[in-house]
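>>> Okay, here's the prediction I keep looking at, along with the sequence it came from:
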Amino acid sequence: MIRPVTSSFSTQERLKEMQDFFAKYPEAGAGASSRKTALENVQNNIRWLEQYKSTVESWIQTLNES
């Protein structure tokens, strides 16, 4: 259940919200492994966005100009 909800998260704010939630409710729902994986996925999303955001924006701009 965690993955479908958090798979599109890609900001530091969302990561912090997740960390705070998991700290407050350590036994809620999924196990520790699922929570760890969800946090890692969000961290990867953040890194990907930082690396490729300008490239994707340029590509979209080019498509819109065509």
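Structure's in. What do you need?

>>> rest of the way, CA atoms for contacts and neighbours
Noted.

>>> mind listing the helices for the chain?
2-6, 12-24, 32-65 (DSSP state H).

>>> Reformat the ones you listed into TSV and put mean neighbour count next to each item.
Formatted as TSV, these follow (neighbours: other Cα atoms under 10 Å):
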stretch	mean neighbour count
helix 2-6	12
helix 12-24	14
helix 32-65	13
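
>>> Output those in JSON lines, with mean pLDDT appended to each entry.
Shown next, in JSON lines, are these (pLDDT from 0 to 100):
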{"stretch": "helix 2-6", "mean pLDDT": "84"}
{"stretch": "helix 12-24", "mean pLDDT": "96"}
{"stretch": "helix 32-65", "mean pLDDT": "95"}
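
>>> what about L15, distance to F22?
L15 sits 11 Å away from F22, going by Cα to Cα, to the nearest Å.

>>> let me redo that: S66
46 Å.

>>> again with M1
Taking Cα to Cα, one finds M1 at 14 Å from F22.

>>> With A32 instead?
9 Å.
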